[in-house]
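Colleague: kindly generate the corresponding structure for this input.
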Amino acid sequence: MSARGIVIAAPTSGAGKTTITLGILRALSRRGVAVRAAKSGPDYIDPAFHEAACGALSVNLDAWAMPPATLRARAAAQGGEVLVIEGAMGVLDGARDGTGSAADLARALGLPLLLVLDIAKSGQSALLPAIGLRALHPGLPLAGVILNRAGTPAHVALARAPLEAAGVTVFGALARDGALHLPERHLGLVQAGETEGLDAFLDRAAEQVEAGIDLDALLDAAAPLPPPGSDYPKLPPPGQRIAIARDPAFAFAYPHLLADWRAQGAEILPFSPLAGQGPDARADAVYLPGGYPELFADRLAGASGFRDGMQAAAGRGARIHGECGGFMALGQGLIDGDGARHAMLGLLPLVTSFHTRRLTLGYRRLSPLPGAPWTMPLMGHEFHYATILEEGPAERLFAATDATGAALPQMGLRIGNIAGSYAHVIGPDGTKGGSS
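Modeller: Sure, this is the predicted structure:
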């Protein structure tokens with residue numbers, strides 16, 4: 001059971017909290033500390049980097065989508081001596097109604113916040129975010145700050161002095177380092193499994209952290225995790241034997257969902273569409289998660305083993321569900337970023353385009369319509385640039401609202417046991433009778 005925890009956040013995105021989190025995870029691991037990691041909010045990419053840094057699976061803790069009992073149980077289940085949680089966006093940024101931020105998560109778990117301050121273009125003004133957070137949320141424990149992208153020692157002293165004078169602990173400073181940069185693409189960082197030289201990057205980040213941050217003081221600042229309490233609501237598995245696409249084209253499956261399905265007796269059977277594999281013939285359900293089918297559209301179109309296996313699964317009546325990229329793959333065609341059309345599985349009357357792009361982003365409350373894989377209200381989110389060009393006759397999958405409760409158009413398509421939508425399911429809606 002994880003004994004202690006801390007939340008690493010920042011005033012804005014781009015302040016360097018991912019790099020610093022990775023450096024802390026690797027540095028503590030090199031010391032022999034049983035460190036574990038988690039990510040605040042809906043994110044598939046950063047947890048894989050966490051796992052590479054500390055050697056243990058990282059999970060998502062979402063203060064908007066998960067009730068307190070779920071958050072406590074998932075945090076405790078990580079094990080280890082200390083749990084390092086990386087925030088998302090700015091420290092107070094969450095859903096449109098203001099919930100689900102890193103600050104909300106810290107409050108729900110009773111953990112202190114550690115702010116990463118990018119001081120590349122500031123000096124004494126570095127004081128303002130920390131003082132502002134303390135003034136706006138006096139009941140929220142602020143462990144202190146780390147100064148990032150510092151210049152000379154004089155620059156560090158300039159920023160450090162007013163912080164310490166105001167009673168804010170400064171755990172250290174990291175100098176600007178052009179080598180500490182991870183490549184990005186349209187949905188965030190390039191996936192950990194595709195990042196060349198990742199291990200060397202993590203070691204360099206750890207060396208910078210060890211040189212510039214007081215890790216002993218940071219560990220002392222971590223607070224005890226709350227007890228897990230009673231059981232929490234789990235998403236029922238869509239089948240007894242679930243074939244799950246797992247490769248760079250379909251990498252966005254939440255570990256907590258797979259763990260919950262296993263805990264309920266389901267068997268998980270991974271397969272790789274990019275390797276030309278189809279789902280296991282024993283599977284009574286097939287799950288195509290989100291990912292980057294638009295980047296691998298030509299390979300997927302030519303993956304005859306994948307196509308034949310999916311057609312066979314549909315023919316035997318297996319429950320097939322696709323989320324976001326998986327939804328796109330179930331359609332008849334996908335237009336890539338260059339405007340070329342690629343044949344997809346043809347199991348749903350759908351043509352999607354990454355050439356005609358529009359950002360869609362936000363939390364979703366989902367009410368399954370008749371025939372959907374689940375019957376209870378769900379929490380989910382959308383994050384994609386692809387658009388729908390054509391839809392044919394099919395049933396809709398979900399009624400939906402955004403985080404504020406505003407109604408959205410019904411989502412997704414379903415024909416018999418084959419269904420999909422752009423929504424990523426996070427779990428049951430704990431506000432609808434499943435929380436403790």
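Colleague: let me see the contact set for residue 91.
Modeller: Listed by Cβ atoms under 8 Å, 6 or more residues apart in numbering, the contact partners of residue 91 are 9-11, 101-103, 113, 115, 129, 133. In this view, the C-beta of every residue, glycine as well, is placed from N, C-alpha and C.
Colleague: now, which of those residues lie within strands?
Modeller: Using DSSP state E, the subset of the contacts of residue 91 located in strands is 9, 113, 115.
Colleague: which two of the contacts of residue 91 have the greatest separation?
Modeller: Across the contacts of residue 91, the two members that end up farthest from each other (Cβ to Cβ) are 101 and 129, 14.0 Å apart.
Colleague: ends of stretch 293-305, what's the gap?
Modeller: Its first and final residues considered, stretch 293-305 spans 16 Å by Cα to Cα, to the nearest Å.
Colleague: stretch 248-265 too?
Modeller: Terminal residues of stretch 248-265 are spaced 27 Å apart (Cα to Cα).
Colleague: buried stuff in that stretch?
Modeller: For stretch 248-265, burial by neighbour count (16 or more other Cβ atoms under 10 Å) applies to 248-261.
Colleague: got these as CSV, with pLDDT columns?
Modeller: Conversion of those to CSV gives the following (pLDDT from 0 to 100):
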residue, pLDDT
248, 92
249, 95
250, 97
251, 93
252, 93
253, 95
254, 94
255, 93
256, 94
257, 96
258, 96
259, 94
260, 95
261, 97
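Colleague: turn those into TSV, columns for secondary structure and distance to residue 201.
Modeller: Converted to TSV, the buried residues of stretch 248-265 look like this (DSSP: H, G, I helix; E, B strand; the rest coil; distance: Cβ to Cβ, whole Å):
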residue	secondary structure	distance to residue 201
248	coil	19
249	coil	24
250	coil	25
251	coil	19
252	strand	22
253	coil	25
254	coil	25
255	helix	23
256	helix	27
257	helix	29
258	helix	27
259	helix	28
260	helix	32
261	helix	33
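Colleague: could those residues go into TSV alongside distance to residue 154?
Modeller: Rendered in TSV, the data for these read as follows (distance: Cβ to Cβ, whole Å):
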residue	distance to residue 154
248	45
249	49
250	50
251	44
252	45
253	48
254	46
255	45
256	46
257	50
258	50
259	49
260	52
261	55
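Colleague: tell me which of those residues is nearest to residue 167?
Modeller: Closest to residue 167, out of all of the buried residues of stretch 248-265 and judged by Cβ to Cβ, is residue 256, at 37.5 Å.
Colleague: once you drop chain neighbours, what's closest to the closest one?
Modeller: With Cβ to Cβ, 6 or more residues apart in numbering as the criterion, residue 256 has its nearest non-adjacent residue at 5.3 Å, and that residue is residue 59.
Colleague: out of the contacts of residue 91, which end up buried?
Modeller: If you count burial by 16+ other Cβ under 10 Å, the buried members of those come out as 9-11, 101-103, 113, 115, 129, 133.
Colleague: what I need now is the residues you listed written out in CSV, including distance to residue 199 and pLDDT for each item.
Modeller: What follows is the buried ones among the contacts of residue 91, written out as CSV (distance: Cβ to Cβ, whole Å; pLDDT from 0 to 100):
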residue, distance to residue 199, pLDDT
9, 26, 97
10, 25, 96
11, 30, 96
101, 32, 95
102, 27, 96
103, 33, 95
113, 29, 97
115, 28, 97
129, 33, 95
133, 35, 94
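Colleague: tell me the secondary structure at residue 361.
Modeller: Of the three states, residue 361 takes strand according to DSSP: H, G, I helix; E, B strand; the rest coil.
Colleague: any idea how many residues pack against it?
Modeller: For residue 361, the number of neighbouring residues by other Cβ atoms under 10 Å comes to 10.
Colleague: just list whatever residues bridge to it.
Modeller: Assessed by DSSP bridges, residue 361 has beta-bridge partners residue 383.
Colleague: over to the one 5 residues further on?
Modeller: Using DSSP bridges, the beta-bridge partners of residue 366 come out as residue 378, residue 400.
Colleague: and the residue nearest to residue 256, how many neighbours?
Modeller: Taking other Cβ under 10 Å as the neighbour definition, residue 59 ends up with a count of 23.
Colleague: repeat for residue 205
Modeller: 26.
Colleague: wait, it touches residue 22, no?
Modeller: Yes. Between residue 205 and residue 22 there is a contact under Cβ atoms under 8 Å: 5.2 Å.
Colleague: need the contact list for the residue nearest to residue 33 when sequence neighbours are not counted.
Modeller: Excluding the flanking residues, the one nearest residue 33 by Cβ to Cβ, 6+ apart is residue 81, at 5.8 Å. When contacts are counted by Cβ under 8 Å, 6+ apart, residue 81 touches 2-4, 33-35.
Colleague: same question, residue 354
Modeller: 294, 334-337, 385-386.
Colleague: can you redo the residues you listed as CSV with secondary structure, neighbour count and distance to residue 325?
Modeller: CSV is the format used below for these (DSSP: H, G, I helix; E, B strand; the rest coil; neighbours: other Cβ atoms under 10 Å; distance: Cβ to Cβ, whole Å):
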residue, secondary structure, neighbour count, distance to residue 325
294, helix, 25, 8
334, strand, 28, 9
335, strand, 21, 14
336, coil, 19, 13
337, coil, 15, 14
385, coil, 16, 11
386, coil, 25, 8
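Colleague: columns distance to residue 368 on top of the residues you listed, output as a markdown table?
Modeller: As requested, those are exported to a markdown table (distance: Cβ to Cβ, whole Å):
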| residue | distance to residue 368 |
| --- | --- |
| 294 | 27 |
| 334 | 26 |
| 335 | 29 |
| 336 | 31 |
| 337 | 32 |
| 385 | 26 |
| 386 | 23 |
